[in-house]
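**Q** need the 3D shape of this:
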Amino acid sequence: MRRAFTSLFCAAAFTLCAPLSNAQYYYPPAPTYYGLMPVQYMPPYGVPGAYAPMQRPVYYPPQQMMRQPMPMPMQYPPMQYPPNYQPRPNTYGPLAESQDIPVYPAPGQGKPNNAARLPAVPASSSRPGKFYATNNKTGEPPQQQTQPGPACADGACGPEGCGPAGCIDPIFKRHHPYARGHCIGDFAALVLFPMSTRQAFTSSTTGTTTTIANNFGSDANYAGRANLAFILHNGWGARASATYLVGDASQSLTNTDAATTIKTPLGFALSPSASLTAATGTDVMQFRQVLTAFTGQAEIVKEAQWRKSTFLMGAGARYSDILQSYKATSTVDGSTANGNVSSVTQYTYSRFAGIGPTISLELVQPVTSGGLALYANLRGSVIFGVDRFQNSNSADTVVVVGADVTTVTTSNQSVAYDSRTATIADVELGVQYGKRVGSSYLFTRIGAVYQGWYNVGTPTSATGDLSLLGATAVLGITY
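**A** Numbering: from 1, shown residues only. Below is the predicted model:
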């Protein structure tokens, strides 16, 4: 009986110990989201080692268990995408802030290294095994350009080795401000006042040696200016502009004293007339001065930046045509005897026209981030041309034949031509305010203007200068 009990005890012990020794102990049922081994999931695109060969685990869960992955507490870095590229134009084109944009290789073409430690690469760089973000001519986001490189022997791609395309690293590239071509158009209205005096007439009294010079007033001259430029994506472009200036000044005088002599700046006598001397009438005089000028230029321009300042430099050709005229008329108000002069007129003008080289420099310096800026516009021109000066005098004499009263006009004229070189200087300084509207940039300016025309003559002389000072208001758009 004891032997039988002992044998039964040994058999039961052997039955219990055998599965443990052979690792065949029954496992309890596992939840559907767990396996025998942790499942290795593919990291997201852009994480080092994302596209390296992955070793198969020794144990595999059932196929249906892969459909419900285990919640992973670790967080992967976000996907790296280039930002939405919308150039923000300032005064002269899209002057977007430079941004460092990380670029990663396409799937299956290698693994990126730590891009944050990589410096900016010049656009002319051609390092093998890298790809660069470069600007195109359409203003779209930079496109990826890949070039397979050699296998890396220094382990730069990690312990998994290089991808099928070799060692490809992300490279940072700074955006240049010229992301696309753009147009600049503006219209300016100018009000200019003459700085130099213009003589209307001289007066003297019989028995004295004093001659009094009477000048025209500082009447305003008005001008309009239009500019149109097209700038390519690399900052080079062309610009055409035109300016038209017109001014008119006048004076009137009535002489009732026969002892007072009125003459033009060239010495032509207007008063007293025979009727004033005979006390049968008075002399009424009109003086007028007219200024018209047209300039047009075509030039090659270059847009550039330094820090926050924008420069627009230009060089080209300029055509200028300026006409200055003077007219004085004296008419008898009263009766005129037979054979006496009823009116006299003197008309002179100086016209200079020519063409020559011109250079310009325009600067815009932002003051605040709200669109307020200072601007300066400088231009210098050398004009080679011909000046024509003309002087003509005429007199109307009354002729009485019986009951018929007629007027006979006599006149004389002289013309002189002179080839010369003139210089023109334009300076404009002021304040600008701009605001972006959609893909365009609207701006307005208010500033002071100086124009100097040197060696272009005067209304009553073939030689002389013209200086104008005033203000301008500009409205423009960049698109």
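**Q** C-alpha only now, for contacts and for neighbours.
**A** OK.
**Q** and Ala240, how far from Gly296?
**A** Using C-alpha to C-alpha, to the nearest Å, Ala240 is found at 8 Å from Gly296.
**Q** what does Gly235 give?
**A** Here the distance between Gly235 and Gly296 works out to 23 Å (C-alpha to C-alpha).
**Q** compare those two (neighbour count), which wins?
**A** In this view Gly235 and Gly296 are compared by other C-alpha atoms under 10 Å, and Gly235 has more residues nearby, 21 against 18.
**Q** is it true that that one touches Ile300?
**A** No. At 10.8 Å, Gly235 does not count as touching Ile300 under the criterion of C-alpha atoms under 8 Å.
**Q** so, low pLDDT: which residues of this structure?
**A** Counting by pLDDT under 70, the chain contains low-confidence residues at 1-6, 8-180, 209.
**Q** can you check which strand is longest in it?
**A** strand 404-437 (DSSP state E).
**Q** give me the buried positions along that strand.
**A** Using 16 or more other C-alpha atoms under 10 Å as the test for burial, strand 404-437 gives 421-436.
**Q** give me the buried positions along stretch 298-310.
**A** Burial within stretch 298-310, assessed by neighbour count using 16+ other C-alpha under 10 Å, is assigned to 298-305, 310.
**Q** most widely separated two among the residues you listed?
**A** Maximum pairwise distance in these, criterion C-alpha to C-alpha, is 22.6 Å, between Ala298 and Gln305.
**Q** strands paired with the helix or strand containing Val399, and their directions?
**A** Element membership of Val399, judged by DSSP states H and E, is strand 372-401. Strand 372-401 sits in its sheet next to strand 341-366 (antiparallel), strand 404-437 (antiparallel), going by DSSP bridges.
**Q** and the next helix or strand past the last one?
**A** This points to strand 404-437. Tracing the chain C-terminally past strand 404-437 and defining elements by DSSP H and E, one meets strand 440-454 next.
**Q** sheet-wise, list the partners of that next one with their directions.
**A** Strands that pair with strand 440-454, judged by DSSP bridges, come out as strand 404-437 (antiparallel), strand 466-478 (antiparallel).
**Q** so which residues make contact with that strand?
**A** 89-91, 192, 422-436, 464-479 (C-alpha atoms under 8 Å, 6 or more residues apart in numbering).
**Q** try 6 Å this time
**A** Strand 440-454 has contacts (C-alpha atoms under 6 Å, 6 or more residues apart in numbering) with 422-435, 465-479.
**Q** now swap in stretch 341-356 and tell me
**A** Outside stretch 341-356, the residues that touch it by C-alpha under 6 Å, 6+ apart are 317-332, 382-397, 459-460.
**Q** is the residue lying closest to Thr458 once chain neighbours are set aside in a helix, a strand, or coil?
**A** Leaving aside its sequence neighbours, Thr458 sits nearest to Gly464 (C-alpha to C-alpha, 6 or more residues apart in numbering; 5.5 Å). Under the three-state scheme (DSSP: H, G, I helix; E, B strand; the rest coil), the conformation of Gly464 reads as coil.
**Q** how near is Gly464 to Val382?
**A** Distance of Gly464 to Val382, given as C-alpha to C-alpha: 16 Å.
**Q** those two: which has the busier surroundings?
**A** Shown here are Gly464 and Val382; by other C-alpha under 10 Å, Val382 has more neighbours (20 against 13).
**Q** what residues are up against that one?
**A** Applying C-alpha under 6 Å, 6+ apart, we find Val382 in contact with 356-357, 422-423.
**Q** need those in JSON lines with distance to Arg198, can you?
**A** As requested, those are exported to JSON lines (distance: C-alpha to C-alpha, whole Å):
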{"residue": "Gly356", "distance to Arg198": "28"}
{"residue": "Pro357", "distance to Arg198": "29"}
{"residue": "Ala422", "distance to Arg198": "20"}
{"residue": "Thr423", "distance to Arg198": "20"}
